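[1] With the sequence up front, the predicted model follows.
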Amino acid sequence: MSATPAPLLDVPGEPSGPADIRLVVTDMDGTLLDDDKRPPATLRPLLAELRRRGVLFSPASGRQYATLAEEFADVAEGMVFIAENGTYVVRDGVELSSDPLDPATAAELAGTVRGLAGRGVDAGAVVCGKRAAYVERSDEAFLAEVRKYYVSHRVVEDVTAVDDEIIKVAVYDFGPAEHGAAPALAPFADSHQVVVSGEHWVDVMNRTANKGAALRGLQRDLGITPAQTMVFGDYLNDLEMLDAADWSFAMANAHPDVISRARHLAPSNNDHGVPRTIARILGITL
C-alpha cells in the first residue's frame, strides 16, 4: 500500500465501526491481482488477520482448482476455493459442490471451436476436468496463455476422449472474445451459460453454474448471510456473485456492466483495491 492511499471511491453507508463480515470472496485476475498477475504485498498479513478474526477468505475465479491451490499453498488450510467460475468448489481437498457438463455438450463445444479457424477466429478450446485441463493445440503462444490459469493441463489428440468429469469448456481467443469466439458460441446460450470472462476468454457452463450459485450454496452451508458477505469483481463472470452480497464491490477498472451492478466501487486492482477496502471496512491496520 502507498503511504498516502487514495480514498475508496464509493462506500455509501459505511459503518462507524468495523462491519460484521464473516466471508470475503474475491475474483483473481483484474481484481485481487494486478495487471502483472501479482498479489498485493499486504495480502498475506491481511489473510493472517482475517483468520485470527474468524473471517473466511475465498478466491472465486475462472482459474482451475489446482492453480488456485498453488497460488495460496502456504495459507490454503480451511480456505474455500470457488474454481472454474463456480462449477467446482473445494475446501481442504474435499469437493463441496460441482456442476459437471454433459459429455455430449462438451464434445459439441470442442467441435465448434475446431471450426472457428474457418471463420477467421484464432482460438482454442480448454476442456476443463476435475483432475486437469485438456487442450489439442500445442503451439507455444496458446499454451503460454493456458499455463496462466491451468497449471494442471495436458495436450491430447482428442479432448472429447479424455477420462475425466468435465465441468467447463473455456475458449481462448487471440482477438477480442466479445467479437470472435463469443458470437460463435452464442447458439449454446439457449441451454447453457456462455460468459465472456475476460478480454480473450469465453467460458461455457451449465445454466445452473456460476460464481453466484456457488457462493449462495456456501452461505447456506456455513450459515452466513449476504449482509455478512463482502465480494469483489471486475468482469462479467462476477455479476451473479455480486448479487449474493450486501457488500459488493466493483473495481475501478471493472467492465461498465459490473460497475453498474455492484453496490460499491473500490480502487483498481493496480491500486490494491481489495486489501485496502477490506482493511478500511473491517478496521484493520496494514
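    Alright, I've got the coordinates.
[2] those helices in this structure, which residues are they?
    Along the chain, counting by DSSP state H, helices occupy 43-53, 65-71, 103-114, 140-149, 181-185, 211-222, 239-243, 256-261, 273-282.
[3] ok, now how distant is G283 from R53?
    Distance from G283 to R53, counting by CB to CB, to the nearest Å: 10 Å. C-betas here are computed from N, CA, C, even on glycine.
[4] hmm, back to that, and E95, which of the helices of the chain is closest to it?
    Among the helices of the chain, the nearest to E95 by CB to CB is helix 65-71 (9.1 Å).
[5] Give the buried residues for the closest one.
    Going by neighbour count (16 or more other CB atoms under 10 Å), the buried part of helix 65-71 is Y65, A66, T67, L68, A69, E71.
[6] Now for the closest residue in space to V146 that isn't next to it in sequence: which residues touch it?
    With sequence-adjacent residues excluded and distances taken as CB to CB, 6 or more residues apart in numbering, V146 is closest to H153, at 5.5 Å. Applying CB atoms under 8 Å, 6 or more residues apart in numbering to H153 gives the contacts V126, A132, A133, Y134, V135, L143, V146, R147.
[7] Any stretches of this structure with poor pLDDT?
    Within the chain, the ranges that satisfy pLDDT under 70 run 1-18.
[8] Nearest to the middle of it, which residue? Look it up for me.
    Central residue of the chain (CA atoms, centre = their mean): S61, 1.8 Å from the mean position.
[9] Check whether that residue really touches D29, as I assumed.
    Yes. When contacts are counted by CB atoms under 8 Å, S61 is listed as touching D29 (7.1 Å).
[10] which residues sit against stretch 250-263?
    Around stretch 250-263, the neighbours that count as contacts under CB under 8 Å, 6+ apart are 9, 30-31, 232-236, 238-239, 242-243, 246-249, 264-271, 273-274.
[11] what do you get for stretch 180-199?
    By CB under 8 Å, 6+ apart, stretch 180-199 touches 29-30, 62, 85, 101, 105, 108-109, 112-113, 116, 119, 121, 123, 170-171, 173, 176-178, 202-207, 209-210, 235-237.
[12] what's the burial count for the residue nearest to A279 when sequence neighbours are not counted?
    Spatial nearest neighbour of A279, chain neighbours left out: L286 (5.1 Å); criterion: CB to CB, 6+ apart. Neighbourhood size, L286 [other CB atoms under 10 Å]: 17.
[13] now do L32
    When neighbours are defined as other CB under 10 Å, L32 has 25 of them.
[14] roughly how far apart are it and Q228?
    Distance check for L32 against Q228: by CB to CB, it reads 20 Å.
[15] How about A117?
    On the measure of CB to CB, A117 and Q228 end up 48 Å apart.
[16] Please identify which of the two sits among more neighbours.
    Counted by other CB under 10 Å, A117 and Q228 do not tie: Q228 has more neighbours, with 18 against 11.
[17] check contacts around that one.
    For Q228, the contact set (CB under 8 Å, 6+ apart) comprises D20, I21, R22, L23.
[18] Would you enumerate the residues in contact with the residue nearest to A279?
    Contact analysis of L286 by CB under 8 Å, 6+ apart lists M1, T42, P45, L46, P275, A279.
[19] you'd agree the fourth one is up against T277?
    What that stands for is L46. No. In this structure, L46 is not within contact of T277 by CB under 8 Å, at 10.7 Å.
[20] Just want to know which of those two has more residues nearby.
    Using other CB under 10 Å, the more surrounded residue of L46 and T277 is T277, with 24 against 21.
[21] Skip the chain neighbours and tell me the closest residue to N206.
    D99 (5.0 Å).
[22] Please name the residues that touch Y134.
    V126, V127, C128, H153, R154, V156, V159, V162, D164.
[23] For the nearest residue to Y65 once chain neighbours are set aside, give the beta-bridge partners.
    Of all residues not flanking Y65 in the chain, A83 sits nearest, at 4.0 Å (CB to CB, 6+ apart). Taking DSSP bridges as the rule, A83 bridges to Y88.
[24] From D74, how far out is A83?
    Plainly put, A83 is 18 Å away from D74 if you go by CB to CB.
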